[in-house]
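> Quick check, what structure comes out for this input:
(one chain, ligands or ions: 1)
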Amino acid sequence: MKKLNLLNITLGIFVTLLLTGCGSDSATDTKNNGEVQGSSSNLGEQLNYKITGIEPGAGTTELARNTLEEYENLDGWELLESSTAGMLSSLDKAIKNEEPIIVTGWTPHWMFANYDLKYLEDPKGTFGGIENINTIVRKGFKKEMPDAYKIVDRFYWEPKDMEEVMFAAQDISFEEAAKNWVEKNQDQVAEWTEGTEKVDGKEIELVSTPWDTERASGNVLKIVLEQQGYKVTLTPVDPVIMFQAIATGEGDVSVAPWLPATHASFYEQYKEDIVDLGENLTGAKIGMVVPKYMHIDSIEDLQPKE
Ligand code: PBE
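This is a model prediction of the structure:
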């Protein structure tokens, strides 16, 4: 799993380099005549009919591809698949130049705190509605590790908690940010561990995905389990590999599935072979995101390529 992930990261960086190269060209040929961009009917031309996306393996990418198919007005539009870092740097650059850009984005994320952004309305609902993040475990986990099962089953927090860890982790490591959160929220953690016994180094494979939201939740749960004496390995992989790892029993637990929409197809594929413990967070969202200075409100406002 680690090898796969490394390969994925290397590939991601490579694709990002490729795409940031192309992206900057298209951003510079779209200079307009002084007026704030994004209002005119030639927005598609200004954007070269490109949506700035993220990693090919992300659920968001799959739903963005579906979106391009489902909306007739998006005929001729393309999704630039790259990486989250590439998307964020294109977004930053566009905003600095007050140029138009459409990205695939999600909440919780610091991008909404750093920039004035809005989600484009999605009348066909191709990006889903309110998303939850669920906890899944492998079959047999409850029986073999009943106390660890109790803890992961009780693990539940609010978007503001996750954001606190994510924001802190912009300056310190995720491990440290998670540790600080756990120290500050001992009462909540005590509710998760109540009535469970400490163990001596029992191993738990915690499988996650490589985004900040899941770095936050994964590291918090890791620390909570470690404080109970478990030896926890946290491995970030692509979402489909995360489901597969739990289905095959290579992994014990994941708190990374975004449902019901974002990871729906992976979930469908593996749902018979995993145990779904329900949400550990609610109030997440994904969709097409633009700077507020752009004068469009809905995906349907975009014009097809001539
Ligand atoms: N995300 C963040 C991921 C899940 C967590 C929304 C970018 C995705 O698979 O799309």
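
> ok, the residue nearest the centre of the chain - contacts?
Centrality entry for the chain: nearest residue to the mean C-alpha point is Trp211, 5.3 Å, by Cα atoms, centre = their mean. Listed by Cβ atoms under 8 Å, 6 or more residues apart in numbering, the contact set of Trp211 reads Ala58, Thr84. Yep, even glycine has a C-beta here, placed from its N, CA and C like the rest.

> Distance of it relative to Lys124?
Here the criterion is Cβ to Cβ, to the nearest Å. By it, Trp211 lies 25 Å from Lys124.

> ok, which stretches of this protein are helices?
With DSSP state H as the criterion, the chain has helices at 2-28, 43-46, 59-70, 84-96, 111-114, 141-144, 146-154, 159-168, 174-184, 186-193, 212-227, 239-248, 264-270.

> mean confidence for the longest one?
Yep, that's helix 2-28 we're talking about. Mean pLDDT, computed over helix 2-28, is 41.

> Tell me how many other residues surround Arg138.
Neighbour count of Arg138, defined by other Cβ atoms under 10 Å: 22.

> Just give the nearest non-adjacent residue to it, would you?
The shortest distance from Arg138 to any non-neighbouring residue, by Cβ to Cβ, 6 or more residues apart in numbering, is to Gly249 (4.7 Å).

> give the contact list for Tyr230.
Going by Cβ under 8 Å, 6+ apart, the list of residues near Tyr230 reads Ala148, Val199, Gly201, Lys202, Glu203, Ile204.

> pretty sure the fourth one contacts Ala148?
Yes. Applying Cβ atoms under 8 Å, one finds Lys202 in contact with Ala148, separated by 7.3 Å.

> neighbour-wise, which of those two wins?
Set Lys202 next to Ala148 and count neighbours by other Cβ under 10 Å: Ala148 wins out with 23 against 15.

> Give me the distance between that one and the ligand.
24 Å (Cβ to the nearest ligand atom, to the nearest Å).

> what about stretch 176-192, distance to the chain center?
Here stretch 176-192 shows a centroid-to-chain-centroid distance of 23 Å under the convention Cα atoms, centre = their mean, to the nearest Å.

> what does the stretch 1-150 of the chain put close to the ligand?
Residues of the stretch 1-150 of the chain found near the ligand (Cβ under 6 Å from any ligand atom) are Ile54, Ala58, Gly59, Thr60, Trp106.

> Tell me how many other residues crowd the first one.
Looking back up the chat, that one is Ile54. Counted with other Cβ under 10 Å, Ile54 comes out at 27.

> pLDDT at Gly34, what is it?
Predicted confidence (pLDDT) at Gly34: the value is 37.

> circling back to that earlier point, out of the contacts of Tyr230, list just those in strands.
Of the positions in the contacts of Tyr230, Glu203, Ile204 sit in strands, assigned by DSSP state E.

> farthest-separated two in the contacts of Tyr230?
Spatial extent of the contacts of Tyr230 (Cβ to Cβ) is set by the pair Ala148 and Gly201 at 12.4 Å.

> ok, back up a step: from the contacts of Tyr230, which is closest to Glu98?
Of all these, Ile204 has the smallest distance to Glu98: 48.2 Å, by Cβ to Cβ.

> picking up where we left off before, worst average pLDDT in the helices of the chain?
Looking over those, mean pLDDT reaches its minimum on helix 2-28, with a mean of 41.

> re the thing from before, how about CSV for the helices of the chain, with distance to Gly287 added?
Formatted as CSV, the helices of the chain follow (distance: least, Cβ to Cβ, whole Å):
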stretch, distance to Gly287
helix 2-28, 20
helix 43-46, 17
helix 59-70, 9
helix 84-96, 13
helix 111-114, 12
helix 141-144, 33
helix 146-154, 29
helix 159-168, 16
helix 174-184, 25
helix 186-193, 30
helix 212-227, 15
helix 239-248, 17
helix 264-270, 15
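
> And these: which comes nearest Asp297?
From the helices of the chain, taking Cβ to Cβ, the stretch that ends up closest is helix 43-46, at 12.4 Å.
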